[in-house]
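Peer 1: take this sequence and fold it.
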Amino acid sequence: MHWIERLVMCVVAVALTLTSLVHKLSCTTAVTNPDGTSESTVTRITRWGCSSDTVGLFANRHLAEHLFPYVSGSYTSDPPAVHGGTLEYPTLTGLWVWLSALPVSSVHGFMIVTALTFVPVVVVITLGLQRLAGRRAWIWAATPPLLLYALYNWDVLPVLMTVLGLLTACNGSRRWSPTTAAVLAGAAFGIGGAFKLYPIMFVVPLALAYLLDRGVIPRAIRWVRASAAVGTAVAALLAANVPFMLINFDGWASVFRFQAARSIDSTTLSVWYWGTLPWSNTAGPRFQHLLGLAATSATAVTIIVTLVVGVIIARRTGRMPWVQTSAAMLCMYMLCNKVDSLQYVLWLLPFFAVLRIRLGWVVAYLVADLAAFVGWFRWNFYTSIGNLEATWAQQALAVGVWGRAGLLIALWFAFFAAPVASATSMPAPTRDPEEDTAAGRRLASASDDQDERHDENAVSVGHALQQSQPPGGSVSMES
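Peer 2: Numbering: from 1, shown residues only. Have a look, this model is predicted:
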C-alpha cells in the first residue's frame, strides 16, 4: 500500500472519531422549545441518537470530583450502584477515564480530552490493521461504527490491544525472536483484558498454536513460547488489578458485583431479554437470576466448544487456526453474554479486516447493527413523547437484535473457513534461530513426534498462520 493511501486512511479514521465527538457533544447542550419550555434530556438524546456512556458517566460517577478510582470505591445493592470514583469497568479503563477527567471540570472538556486521547489510539489501530491486512483496514477506518461509537464508550482501548496482539503474534518474528513475539502478544492481550475483559481469552488459542503447529521445533521450546504468552498475559492482568485489590478489595470487587447484579433488561440489547419476553420484563429477581446463570453458562460452554473445534482442526491440518478461533470465540461471547451493547461491533472490526471473509458478511452485520442503533433510539424517542403504540422503530430494533444474533452464528462458521489476510507477500520461510543451537537439535531428535519430523522448515506461529489454508482445501481470496 502506498504511503499516501495509508495517510488518507488515517485521516479518514481521525475525521470519523472527531465527528463522533461533535455528535456526542450535541447531547450536552440544552434545547429550548418554541413555547419557551426546555426539551427533556431523554427526548433530546434519543431524538438524535447522541446518548453515550462517556457523557452520562461524567455526571453519574462524579468524575468532576477527580476521585482516584477504586481505592475509595464501594458498592450498594439497592439499587445496584458503584461509588467513590469507581467505574463499572476494569481498572485500566477506570484509570484512563480518571486521567482524562483530571485536567477539566465540565463534561465538554472531558469529552474533548477523551477525543484527543483517542486520536492516537485510532491511528495506531489503523496502521496496525494496514500492516496486517492491507486495504481491508478500510473496514475499520471508513465504516459507520467508528462514527457512531468511537466516543460512545471506551471500547477503542481494548480494540487497540487486540490489534497489537495480533500484529506481534502474526508479524512480530520479522523484528523479534519468536519467544519475544510471544511475550509481547501475551502482554497485549493481558493489558486488553484490563481495559475490557474479552481480549484476554485470545491468548488461549495463541498458546495452543505454539503447542500444536507441526514442525521441527523442539517440544521444550514450544512449551516455553506457550508459557511465555500465557504468563505475560496473566502477569499484565495481575499487575493492573492486584494493587487495587490490596488497597481496597471491596472497591475493586464493586465492579464485578455491579455487573453481576445488572438486570437483563431492554438496555442490554441481548437475545436473553428479547427472547424471553414477556417474562424478562415482568418476572421478579429469581427469574433474572436464572436468566443470568443461563447467559453465563452458555457463554462459557460455547467458548469452550469453539476452542475444541480449533484444536480438532489443528490435529487434522497441522496448523492451529488461532486467529480464526479467536474471532469465533468473540462471536459466541457477544451472542451468549447477557449484554450485547451497540458499540461491541467495534470489537469485531479488526477480525473483519484480518480474516478474509466475504465482504457481504461485513456489510450484512453493519446493516443489522445500524438497524439496532436507529431502532433503539427512535423507539425510546417515541416513548419519551408519549407515543406508546407499536411503530416502525420497534420493527427496526427487532431486525437489529435478531439480525445481529443470526449473523454472529453465521460468522462463527465464516471465520473458521477464512484464511488470514496478508498485506504483502510473505518472505521465504526462515529457520528458527533457537533451533540452530546444539541443545535445540538434541531436544528435537529426542522429543519430536514422528509426524513432526517431515516438516523441514520451521516457521514462526504468525507466519505459519498467514500461509495456512482452512480445512477442506484452498479458499479464494474473498472467501
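
Peer 1: show me the residue at the heart of this protein, geometrically.
Peer 2: Trp347 (3.3 Å; Cα atoms, centre = their mean).

Peer 1: distance check, Leu277 against Leu87.
Peer 2: Separation of Leu277 from Leu87 (Cβ to Cβ, to the nearest Å): 30 Å. For glycine as for every other residue, the C-beta is placed from the backbone atoms N, C-alpha and C.

Peer 1: contacting residues around Tyr149?
Peer 2: Contact analysis of Tyr149 by Cβ atoms under 8 Å, 6 or more residues apart in numbering lists Ser20, Asp155, Leu342, Gln343, Val345, Leu346.

Peer 1: show me where the stretch 351-479 of the chain has its helices.
Peer 2: 359-384, 392-417, 438-447, 461-467 (DSSP state H, counting those that start in this stretch).

Peer 1: residues of the first one that come out buried?
Peer 2: Think helix 359-384. Judged by neighbour count using 16 or more other Cβ atoms under 10 Å, the buried positions of helix 359-384 are 361-362, 364-382, 384.

Peer 1: tell me what that helix is packed against?
Peer 2: When contacts are defined as 3 or more Cβ pairs under 8 Å, 6 or more residues apart in numbering; DSSP states H and E, helix 359-384 packs onto helix 41-47, helix 144-149, helix 345-354, helix 392-417.

Peer 1: please identify the deepest-packed of those.
Peer 2: helix 345-354 (a mean of 25; mean count of other Cβ atoms under 10 Å).

Peer 1: pLDDT below threshold where in the protein?
Peer 2: 30-37, 173, 423-479 (pLDDT under 70).

Peer 1: have a look at it and report its longest helix.
Peer 2: Counting by DSSP state H, the longest helix found in the chain is helix 285-317.

Peer 1: quick one, it and helix 392-417 angle?
Peer 2: Angle of helix 285-317 versus helix 392-417, following axes from the mean of the first three to the mean of the last three Cα atoms, to 10 degrees, is 30 degrees.

Peer 1: name the residues of helix 285-317 that are buried.
Peer 2: In helix 285-317, the ones that count as buried by 16+ other Cβ under 10 Å are 288, 291-292, 295, 298-299, 302-303, 306-307, 309-311, 313-314, 317.

Peer 1: and the next helix or strand after it, what does it pack against?
Peer 2: Where DSSP states H and E defines the elements, the next helix or strand beyond helix 285-317 is helix 322-336. Judged by 3+ Cβ pairs under 8 Å, 6+ apart, helix 322-336 is in contact with helix 156-171, helix 203-212, helix 285-317, helix 345-354, helix 392-417, helix 461-467.

Peer 1: still on that earlier bit, tell me the two of the buried residues of helix 285-317 that are most distant?
Peer 2: Gln288 and Thr317 (43.6 Å; Cβ to Cβ).

Peer 1: ok, the closest residue to Trp279 other than its chain neighbours to Asn281 distance?
Peer 2: With sequence-adjacent residues excluded and distances taken as Cβ to Cβ, 6 or more residues apart in numbering, Trp279 is closest to Phe287, at 5.9 Å. Distance, Phe287 to Asn281, using Cβ to Cβ: 10 Å.

Peer 1: now for the helices of the stretch 351-479 of the chain, which one comes closest to Val203?
Peer 2: helix 461-467 (12.3 Å).

Peer 1: counting neighbours, what do you get for Leu355?
Peer 2: 27 (other Cβ atoms under 10 Å).

Peer 1: need the contact list for it.
Peer 2: By Cβ under 8 Å, 6+ apart, the neighbours of Leu355 are Val323, Gln324, Ala327, Phe415, Ala418, Pro419, Val420, Ala421.

Peer 1: and Thr76, how many neighbours?
Peer 2: For Thr76, using other Cβ under 10 Å, the count is 12.

Peer 1: now do the contacts for the residue lying closest to it once chain neighbours are set aside.
Peer 2: Nearest in space to Thr76, with sequence neighbours left out and distances taken as Cβ to Cβ, 6+ apart, is His83 at 6.8 Å. Listed by Cβ under 8 Å, 6+ apart, the contact partners of His83 are Gly73, Ser74, Tyr75, Thr76, Ser254.

Peer 1: mind checking how far His83 is from Val339?
Peer 2: Applying Cβ to Cβ to His83 and Val339 gives a distance of 22 Å.

Peer 1: one more: Leu349?
Peer 2: 19 Å.

Peer 1: picking up where we left off before, neighbour-wise, which of Leu277 and Leu87 wins?
Peer 2: Set side by side, Leu277 and Leu87 show more neighbours around Leu87, with 25 against 10, by other Cβ under 10 Å.

Peer 1: name the nearest of the contacts of Leu355 relative to Cys50.
Peer 2: Ala327 (30.7 Å).

Peer 1: ok, how many other residues are close to the closest one?
Peer 2: 27.

Peer 1: and it, how far from Thr282?
Peer 2: From Ala327 to Thr282 the distance is 37 Å (Cβ to Cβ).

Peer 1: rewinding a little: of the contacts of Tyr149, which is the nearest to His66?
Peer 2: Asp155 (23.6 Å).

Peer 1: pretty sure that closest one sits against Leu349.
Peer 2: No - assessed by Cβ atoms under 8 Å, Asp155 is found out of contact with Leu349, at 10.3 Å.

Peer 1: what sits against the closest residue to Phe202 other than its chain neighbours?
Peer 2: Counting by Cβ to Cβ, 6+ apart, Phe202 lies nearest to Ser326, which is 4.4 Å off, once chain neighbours are set aside. Ser326 makes contact with Met201, Phe202, Pro205, Leu206, Phe351, according to Cβ under 8 Å, 6+ apart.

Peer 1: please report how far Ser326 lies from Ser51.
Peer 2: 31 Å.

Peer 1: then Val420?
Peer 2: With Cβ to Cβ as the criterion, Val420 and Ser51 are 37 Å apart.
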